[in-house]
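**Q** Curious how this folds, go ahead:
(2 chains)
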Number of protein chains: 2
Amino acid sequence: MLIVKKFGGTSVGSPERIMNVAIRCVEDYKKGNDVVVVLSAMGKTTDDLISLAHKVNPKPPKRELDMLLVTGEQVSVSMMAMAMASLGVRAVSLNAFQVAMHTTSQYSNARLKRIDCDRIRHELEDRKIVIVTGFQGINKYDDYTTLGRGGSDTTAVALAAALHADACEIYTDVDGVYTSDPRIVRNARKLQEITYDEMLEMASLGAGVLHNRSVEMAKKYGVTLVVRSSLNYSEGTVVKEDAKVERMLISGVAVDKNADRVSVIGLKDQPGVAFRLFDILAKANVNVDMILQSIGRDDTKDISFTCDDGQMDEAIKAIESNRERLKYHKIDMNSDVAKVSIVGAGMMTNPGVAAKMFEALYNEGININMISTSEIRVTVLISEREAERAANAIHDAFGLAD
Amino acid sequence: MLIVKKFGGTSVGSPERIMNVAIRCVEDYKKGNDVVVVLSAMGKTTDDLISLAHKVNPKPPKRELDMLLVTGEQVSVSMMAMAMASLGVRAVSLNAFQVAMHTTSQYSNARLKRIDCDRIRHELEDRKIVIVTGFQGINKYDDYTTLGRGGSDTTAVALAAALHADACEIYTDVDGVYTSDPRIVRNARKLQEITYDEMLEMASLGAGVLHNRSVEMAKKYGVTLVVRSSLNYSEGTVVKEDAKVERMLISGVAVDKNADRVSVIGLKDQPGVAFRLFDILAKANVNVDMILQSIGRDDTKDISFTCDDGQMDEAIKAIESNRERLKYHKIDMNSDVAKVSIVGAGMMTNPGVAAKMFEALYNEGININMISTSEIRVTVLISEREAERAANAIHDAFGLAD
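**A** Below is the predicted model:
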């Protein structure tokens, strides 16, 4: 078996934890498997490096910030190789240059394009454990790039696909995918299996366990993922196409507090307005999530959208600097909002699912700001302060704890 | 003018110091010069990383240790580029891969073989300040290597040579080359100029300011060096072939406490013994410095040598594991030793210089363990505890303070 194992920052947060991960990987190796390990930076390293950067430049050039940040994973992988060596196992660490891990040019949010597998295959044939830096790549200028949030998961899935690995295990500090975030919903329950699409909705809605880009890639290349804990040997949750999900209406409730809402009020009610707005936001690299357009007064309309915390300022700046082109009345914003979503392949064939969710919120006296739906998802935007109460109420209403 | 400027770890030891260095480099850039900056890792980063490595492996594989250590300079250079950007100047940081900086294969002590200048030239033509990681390279396996002690100086000189730079400035925490270490010899005086050969002897004897490999390379390629302080604008010391050294008997007194002495007692007095011994040490990568052979008793001889602190154990291990081949009686060792040397082109034509040095030691009642000489140097090995007293006495005896 060729196994790709990915460990996040918490799992390699200290020399002791690195040793624990090393021992765990060596166990699989000694069973005769080929083992490729993908690591994030140790603990809070990435945040610490960003703070350090801000001490010399509050707006560091992204090219240089990536150059700085990629050192974090390089420390992890070399430490891991040393830990494995101390266990008497031959291991080799490789960074994005050495692999090589080709990405698009865009700094801080690059996409993987192509992975050369020659070096990795050669090292595996030499019976070494190969340890690869997650989160990072190189672009056509031979400059480092980083993959943005959840980047190490994406690296692991891409490597599993490129190497035709038999398994891709994502180790985290929770032991699987839950019906909701156990820190928020007291009765949350671990799922044994989940489909890519469900996981995708859960992930993109802030379920936290896996990032949607990695799930998208896993779906595209048919890589079966196992989400499991680095702290215990419990079985985790399998993410795959034909998951035998217990046929409930929904499989989970997701809460994402990492959202801001921006409304552009009083836009001209004429064709091309939405295009211009979202073109401007795209060029400013703002990841827009929910979009809602409503009819305003006197031949105007309002467009609201949500984006990640921390992107709101950029979004507003981009809109304001295009005031002439957009011709709007004013901008309204709210960072005290959260997205609460229900996800489940079951809802496609079951009418009334959304109504049941809204009823649960109504019973709690929670006001809904925006609504967005897909085939297997219903999302509401509500006040951040009410998010936990909402999630618990919805979780109970659908009987997910049973 | 194309100027290569190298700053050591102390000079970039904090975000504030990085800003100061950035300001200084930008001054030269704004005068219209092309500026290439070579940096060491920030402050004690390298030591901290070595400590971190030892927490997972007391004897980390050198390949992985280099992979870890090179992150230190990468942090420095990206921070510097950000600092310069905050000053409104375009700068780009490059690591050993990006340059590319080709070295021999040997980890932890590689030698520079060839530097590709295309990327650097291209960035300079684009009117950017180019910031390059010192100390590191890549070998033919595409693995990181480090250049060993004084590696960043070597990087700077090699870059200056490869780019045909007009000047190579080595910034340090002292403001030039002194007649002796001012921390040890109270009357030490700064030299305006010094020849490569003198600097070479001073450097290899632990003067601390420049490493001998960088001076050797500067001499080989005729790169004029300026050693100056990063903390003030004083003129520093120029190191070049035809230095107008004030014609004194000697130009400096060097003290090196970083030395251990090993003696192999009772070797057979027959041809090939010295070859075998030093061949074994070379294969164990022990850098042998002074060598002394004396006649022992009963057809035997004793060979003593000095090596760096920290290499003594490796040296003894190598000798002991070749006991059969070497056929010696016993090994004697002493880590409580220091080398004190006098250096000066003047001594070639002046007999009695060595005698004057020995007289100064005799007057202080200091015993000499070993003596070694070159055309422009006399070195004695004495007790480490007496090193400072010895250096002051010699400095005074030759009137270096005047």
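**Q** does stretch A:68-86 come close to chain B?
**A** Yes - Stretch A:68-86 is in contact with chain B by Cβ under 8 Å from any Cβ of the partner chain, via A:68, A:70-71, A:74-75, A:77-79, A:81-83, A:85-86. For every residue, glycine as well, the C-beta is placed using N, CA and C.
**Q** hey, where'd the helices end up in the stretch 101-250 of chain A?
**A** Secondary structure of the stretch 101-250 of chain A by DSSP state H, counting those that start in this stretch: the helices cover A:118-125, A:151-162, A:196-204, A:212-221.
**Q** mean pLDDT lowest for which of those?
**A** Of all the helices of the stretch 101-250 of chain A, the minimum mean pLDDT falls on helix A:196-204 (a mean of 79).
**Q** got the angle between it and helix A:151-162?
**A** Here the directions of helix A:196-204 and helix A:151-162 differ by 160 degrees (axes from the mean of the first three to the mean of the last three Cα atoms, to 10 degrees).
**Q** Mind exporting the C-alpha coordinates of helix A:196-204 to PDB?
**A** What follows is helix A:196-204, C-alpha atoms only, in PDB (Å, rounded to 0.1, in the frame of the first residue of the first chain):
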ATOM      1  CA  TYR A 196     -17.700  14.100  -1.300                       C
ATOM      2  CA  ASP A 197     -20.700  16.500  -2.000                       C
ATOM      3  CA  GLU A 198     -21.900  16.500   1.600                       C
ATOM      4  CA  MET A 199     -18.300  17.000   2.900                       C
ATOM      5  CA  LEU A 200     -17.900  19.700   0.300                       C
ATOM      6  CA  GLU A 201     -20.900  21.600   1.600                       C
ATOM      7  CA  MET A 202     -19.900  20.900   5.200                       C
ATOM      8  CA  ALA A 203     -16.300  22.100   4.500                       C
ATOM      9  CA  SER A 204     -17.200  25.200   2.600                       C
END
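**Q** Determine how far that helix lies from the middle of the whole chain.
**A** On the basis of Cα atoms, centre = their mean, to the nearest Å, helix A:196-204 is displaced by 10 Å from the centre of the chain it belongs to.
**Q** Over to stretch A:179-193?
**A** The chain centroid and the centroid of stretch A:179-193 are separated by 18 Å, computed with Cα atoms, centre = their mean.
**Q** Quick check: end-to-end length of it?
**A** Using Cα to Cα, to the nearest Å, one end of stretch A:179-193 lies 11 Å from the other.
**Q** before we move on, back to that, by neighbours, which of the residues of stretch A:68-86 next to chain B wins?
**A** Within the residues of stretch A:68-86 next to chain B, most neighbours by other Cβ atoms under 10 Å in any protein chain shown means residue A:78, with 33 neighbours.
**Q** what separates the helix or strand that contains it from the chain centre, distance-wise?
**A** Per DSSP states H and E, residue A:78 falls inside helix A:62-86. Relative to its parent chain, helix A:62-86 has a centroid offset of 21 Å by Cα atoms, centre = their mean.
**Q** Now the element after that helix, going C-ward?
**A** Counting by DSSP H and E, the element after helix A:62-86 in chain order, helix or strand, is strand A:91-94.
**Q** Please point out which parts of the helix or strand following that following strand sit buried.
**A** Scanning forward in sequence from strand A:91-94 by DSSP H and E, the next helix or strand is helix A:96-99. Using 16 or more other Cβ atoms under 10 Å in any protein chain shown as the test for burial, helix A:96-99 gives A:96, A:97, A:98, A:99.
**Q** nearest to residue B:331, of the helices of the stretch 101-250 of chain A?
**A** Smallest distance to residue B:331 across the helices of the stretch 101-250 of chain A (Cβ to Cβ): 40.0 Å, for helix A:118-125.
**Q** quick one, that closest one and helix A:151-162 angle?
**A** Using the same axes, to 10 degrees: helix A:118-125 against helix A:151-162 is 70 degrees.
**Q** does chain B sit close to helix A:118-125?
**A** Yes - contact between helix A:118-125 and chain B, assessed by Cβ under 8 Å from any Cβ, occurs at residue A:119.
**Q** Would you mark the buried spots in that helix?
**A** Neighbour-count burial for helix A:118-125 flags A:119, A:120, A:123, A:124 (criterion: 16+ other Cβ under 10 Å).
**Q** closest to chain B among those?
**A** Using Cβ to the nearest Cβ, residue A:119 is the member of the buried residues of helix A:118-125 that sits closest to chain B, with 7.5 Å.
**Q** quick one, what contacts the closest one?
**A** Counting by Cβ atoms under 8 Å, 6 or more residues apart in numbering or on different chains, residue A:119 touches A:94, A:98, A:99, A:100, B:142.
**Q** quick one: it from residue A:162, how far?
**A** Noted for residue A:119: a distance of 12 Å to residue A:162, by Cβ to Cβ, to the nearest Å.
**Q** what's the answer for residue A:94, then?
**A** Residue A:94 is 13 Å from residue A:162, by Cβ to Cβ.
**Q** These two - which one has more neighbours?
**A** For residue A:94 versus residue A:162, neighbours defined as other Cβ under 10 Å are more numerous around residue A:94 (23 against 20).
**Q** could you measure the more buried one against residue A:155, distance?
**A** Distance, residue A:94 to residue A:155, by Cβ to Cβ: 11 Å.
**Q** joint contacts of those two?
**A** Contacts common to residue A:94 and residue A:155, judged by Cβ under 8 Å, 6+ apart, are A:132, A:133.
**Q** closest point of the stretch 201-350 of chain A to chain B, which residue?
**A** residue A:230 (16.2 Å).
**Q** burial count for that residue?
**A** Using other Cβ under 10 Å, the number of residues around residue A:230 comes to 22.
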